[in-house]
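[1] build me a model:
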Amino acid sequence: SDLARRRRRRQAEEDAQENKNIISKSINITVVLGNFRSEPIAGTFIKEIPVKGNMIGIAGACAAGGVVVLLLLGAVCLLHKRRVQQKKQFKHLMLHEMEKIESRLAEECKQVFTELQTDLADLNSDFSPATIPYHSFDEYALKVLFPAQDDYPVLHDPADLATCEESLVVFEKLVKQEQFLLTLVETLDRQRQVSKRDKSNIAALMIVSLMDDMSYITSILKQLLSKLISDTVNNDARRMKLLLRRSEHITEKYLSNWLTFNLHSFLVESAGQPLYVLYRAIKQQIEKGPVDYITGNARYALHEKNLLSRITDFNKLNVMVYLEDDPYLKDTPYTPLKSCQVSLLSCDTISQAKAKIIDAMYRTVPDSLKPTPNDVDVEWKNGSSSSLRLVDMLHNTQDGWKQLDTLGSLNIDDQAVFQCIPRQSPPPFMSQSGGAPSCNSLLREIENGRVWHLEREVDNESDGKGMTGVKSVPEVFLTRLSATKIPLQKFVDDLFNVIFTPNEGITALPPCVKYLMDFLDAEAARLQINDPEVLHTWKNNALPLRYWISIIKSPDVVFDVRKNNNIDSCLSVIAQTFIDATYYEDMTIDKSSQSSRLLYCKEIPTYKQHVREFYGEITTCRPVTEAEVDAAFTKNKTETTLRRRSALYELFNYACRFSEELREALQDKGLRDLANQFVYVADAGLDNSDSAAFDPVKV
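    Okay, here's the model as predicted:
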């Protein structure tokens, strides 16, 4: 058996040596089972290795894998090359766009620089003071006394006035007694149910019902102010600088109304002209450049939020306009021009062009009498016999947006001839998308959105390109603020000098201003207030902030003019400049400050010094009495349509609403007779059914 095993082992080794596919190895095996352990047994370990056919398969698989790797490497190389090419193309495109932007910005800056150096005389007024469209005193007073109201209570008699007439006779006598009127104001001022608007109405009703006696009005004002100042200083000294700055009390509104009445003559004779010239200059400067019909943003503005955010190409068009007929000014002393040359812009819409034409043809007519763009039609005379009626139309642009047609898109050239005629039928507004003509179609299209003129709001900022296709840097347009400010600066200075110059100009300082400043000086001395900043702040709050700032912001209160958002924002910036100029302390202005304040940072120190000199010079002027204030008001007083009786009736109703509180206040002051009279009058006045039994003689 050992011999046989050796033979088999030898045969296996020979086969392995010959075929190279079997591996054998001699080993000794020992069997262990529990406590049993066998003797080592000799054996052979044999392992078969792959044959030549398997090696071929492995080689093929390796080759296929190599091909795949090479293909992947090739694809990666191609993709990398393509991306490199795309980056180069994008870089080239960006450089091209940057060059376009730089070119446009350079052009913008050059144009602004040119505007700053030339054409500064274009805004000179071409009118006389006699043509300034002042409101009548009644219209002016109503707009100030009852702001944001359409139905003025002092223009008509209430329905039940007759039933309360006898009560009003006695109530008027009570109002003419200072102690009663002062107690009435104090009582109403304390009531939580009386809103700020109610307090404003009460102050207005007081001054209208007493306007035949300005001396009495002034005396009441002095006592009300004295009490308000004392209460503020004694109860909350930290708020002394806020005195008269807000409108939390009837006294503050009463002061505003007193100034409104007494400064009207000064406004008409002196300050009105520079204010109107400033208004016209702002309007003309804005209309020199493009104005977006939809957003209202303009190339020229004093506030950055109203700046047109796109670079817009435009040309000036000087057109000749003829007026065929005018049915709007019949039975009025005004006459429009029959023909004149009007300056338009190629980027103007038809409605904007018509508005400029109307302003030019009716330049001496108050705005309330002028026709609107919807009242007239304009025909373009494109030859000896042919004419084209111009109406607002839309044309489709990309992404479903519609753009308003302009004079430039209609190929209207310089020196064109227009005919202005009254509108005979609704405007046939149409768009390229079709639809029936309708005069309200444009408004409906705008309300629905996706309509634009010069700039538009886009869903994606990357799509935000204007007419020129160049997305601009917003900060570059800040230079336009200076381009707007510099031509207007002369008119701003003229208005400032008239308001803050005591004894120069067409008229001298109004007596009411001297009287008010002296009163504040006396109150500061009485209360031993030695801080010059506090007194300076009181004077600022009492006169410039309480009267002049509101007049500057709202010239339509004084003049018969229409004020749009662009003009309003410019006037607000100028008014804020005047406010900054009245501050006692110097303001810190740096690059983080608002652009509107940076715009006038050089002028404000000069204005500050002027205001301080103004208050100082007033102190040296001759004192003024209440009688002189009354005489100055009476001298310029005109016939009025304001109904004192109606104002007294409304004031009586306020008193009756809080009759019990007023009675207690009068009794607390020891004014029992006045309390009893008022209670009797209030009961009789509220009970209309018993009005016939009311006996004023008994009261």
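[2] could you give the mean pLDDT of stretch 659-673?
    Within the predicted structure, the mean pLDDT of stretch 659-673 is 92.
[3] now could you export just the CA positions of it as CSV?
    What follows is stretch 659-673 as a C-alpha-only set of coordinates in CSV (Å, rounded to 0.1, in the frame of the first residue of the first chain):
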residue,chain,number,x,y,z
SER,A,659,-72.3,118.8,28.5
GLU,A,660,-72.0,117.0,31.9
GLU,A,661,-68.2,117.1,31.8
LEU,A,662,-68.2,120.8,30.9
ARG,A,663,-70.7,121.6,33.6
GLU,A,664,-68.5,120.0,36.2
ALA,A,665,-65.4,121.8,34.9
LEU,A,666,-67.1,125.1,35.1
GLN,A,667,-68.4,124.5,38.6
ASP,A,668,-64.9,123.3,39.7
LYS,A,669,-63.6,126.7,38.6
GLY,A,670,-66.3,128.5,40.6
LEU,A,671,-68.2,129.6,37.4
ARG,A,672,-71.6,128.4,38.5
ASP,A,673,-73.5,131.0,36.6
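[4] could you list the low-pLDDT ranges of the stretch 301-450 of the chain?
    Applying pLDDT under 70 to the stretch 301-450 of the chain flags residues 383-385, 398, 425-445, 447-448.
[5] that one: helices as residue ranges?
    Here the stretch 301-450 of the chain has its helices, by DSSP state H, counting those that start in this stretch, at 350-361, 441-448.
[6] where does the stretch 51-200 of the chain have low pLDDT?
    51-55, 57, 97-127.
[7] hmm, try it at 90
    51-131, 147-170 (pLDDT under 90).
[8] can you give me the helices in it?
    52-117, 137-145, 165-175, 178-190, 196-209.
[9] what residues does the second one touch?
    The contact list for helix 137-145 (Cβ atoms under 8 Å, 6 or more residues apart in numbering) reads 134-135, 152, 154-155, 204, 207-208, 256-257, 260-261, 264, 550, 554, 556-558, 638, 640-642. All C-beta spots, glycine's among them, are computed from the backbone N, C-alpha and C.
[10] which PyMOL command selects the buried ones in those?
    Command for PyMOL that selects the buried part of the contacts of helix 137-145, burial taken from 16 or more other Cβ atoms under 10 Å:
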select buried, resi 134+135+152+154+204+207+208+256+257+260+261+264+554+556+557+558+642
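[11] contacts only, for the residue nearest the centre of the chain.
    Centroid-nearest residue in the chain, with Cα atoms, centre = their mean: S569, separated by 5.5 Å. By Cβ under 8 Å, 6+ apart, the contact set of S569 is 301-303, 305-306.
[12] farthest pair in those?
    Greatest spatial distance in the contacts of S569: L302 and K305, 10.4 Å, computed using Cβ to Cβ.
[13] who has more neighbours, these two?
    Between L302 and K305, counting by other Cβ atoms under 10 Å, L302 is the more crowded of the two (28 against 9).
[14] could you find the closest non-adjacent residue to I446?
    In this structure, I446 finds its nearest non-sequential neighbour in I294, 6.3 Å apart by Cβ to Cβ, 6 or more residues apart in numbering.
[15] so that neighbour touches H453, yeah?
    Yes. I294 is in contact with H453 according to Cβ atoms under 8 Å; the separation is 5.0 Å.
[16] so between these two, which is more surrounded?
    Each of I294 and H453 has its neighbours counted (other Cβ under 10 Å); H453 has more, 23 against 17.
[17] quick check: that one touching G296?
    No. Between H453 and G296 there is no contact under Cβ under 8 Å: 10.0 Å.
[18] what about the stretch 551-699 of the chain, any weak spots by pLDDT?
    Applying pLDDT under 90 to the stretch 551-699 of the chain flags the ranges 563-564, 584-602, 619-622, 624-643, 671, 675, 677-699.
[19] packing partners for the helix or strand harbouring L488?
    Per DSSP states H and E: L488 is located in helix 479-499. Packing contacts for helix 479-499, counted by 3 or more Cβ pairs under 8 Å, 6 or more residues apart in numbering; DSSP states H and E, involve helix 52-117, helix 272-287, helix 565-582, helix 595-599, helix 603-620.
[20] the same query, at a cut-off of 6 Å, please.
    Under the contact definition 3 or more Cβ pairs under 6 Å, 6 or more residues apart in numbering; DSSP states H and E, helix 479-499 sits against helix 52-117, helix 272-287.
[21] that helix to helix 272-287, inter-axis angle?
    Between helix 479-499 and helix 272-287, the angle comes out at 170 degrees (axes from the mean of the first three to the mean of the last three Cα atoms, to 10 degrees).
[22] now do helix 479-499 against helix 565-582, angle only.
    Using the same axes, to 10 degrees, helix 479-499 lies at 60 degrees relative to helix 565-582.
[23] the host helix or strand of A682: how far from the chain's middle?
    Per DSSP H and E, A682 falls inside helix 672-686. Put simply, helix 672-686 sits 49 Å off its chain's centre (Cα atoms, centre = their mean, to the nearest Å).
[24] from the chain's centre, how far out does stretch 297-305 sit?
    Worked out by Cα atoms, centre = their mean, stretch 297-305 lies 11 Å from the chain centre.
[25] quick one: buried residues of it?
    For stretch 297-305, by 16+ other Cβ under 10 Å, it's 297-304.
[26] ok, stretch 339-352 next?
    342, 344-352.
[27] now these in a markdown table, with distance to Q193?
    Below are those laid out as a markdown table (distance: Cβ to Cβ, whole Å):
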| residue | distance to Q193 |
| --- | --- |
| V342 | 56 |
| L344 | 55 |
| L345 | 54 |
| S346 | 59 |
| C347 | 54 |
| D348 | 52 |
| T349 | 50 |
| I350 | 52 |
| S351 | 47 |
| Q352 | 48 |
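[28] please identify which of the residues you listed is nearest to I229.
    Q352 (51.5 Å).
[29] give me the buried stretch members for stretch 601-610, please.
    Those buried within stretch 601-610 under the rule 16+ other Cβ under 10 Å are 603-604, 607-608, 610.
[30] nope, stretch 129-140 is what I was after
    Buried-residue list, stretch 129-140, by 16+ other Cβ under 10 Å: 132-135, 137-138, 140.
[31] please save the CA atoms from it in CSV.
    This file holds the C-alpha atoms of stretch 129-140, laid out as CSV (Å, rounded to 0.1, in the frame of the first residue of the first chain):
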residue,chain,number,x,y,z
PRO,A,129,-47.3,138.0,-10.8
ALA,A,130,-50.8,139.0,-12.0
THR,A,131,-51.2,135.6,-13.7
ILE,A,132,-50.4,133.5,-10.6
PRO,A,133,-53.6,131.5,-10.0
TYR,A,134,-54.2,132.1,-6.3
HIS,A,135,-57.1,130.5,-4.6
SER,A,136,-59.6,132.8,-3.0
PHE,A,137,-59.3,133.3,0.8
ASP,A,138,-62.2,131.0,1.4
GLU,A,139,-60.8,128.2,-0.7
TYR,A,140,-57.4,128.6,0.9
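[32] about what we covered before: quick one: residues in contact with the helix holding A682.
    Helix 672-686 is contacted from outside by 164, 167, 170-171, 180, 656, 659, 663, 666-667, 694, 699, using Cβ atoms under 6 Å, 6 or more residues apart in numbering.
[33] neighbours of S200, just the number please.
    For S200, using other Cβ under 10 Å, the count is 20.
[34] secondary structure element for T641?
    With DSSP H and E as criterion, T641 is part of no helix or strand.
[35] now K381, nearest residue through space, not along the chain?
    In space, K381 is closest to V417, 4.2 Å off (Cβ to Cβ, 6+ apart).
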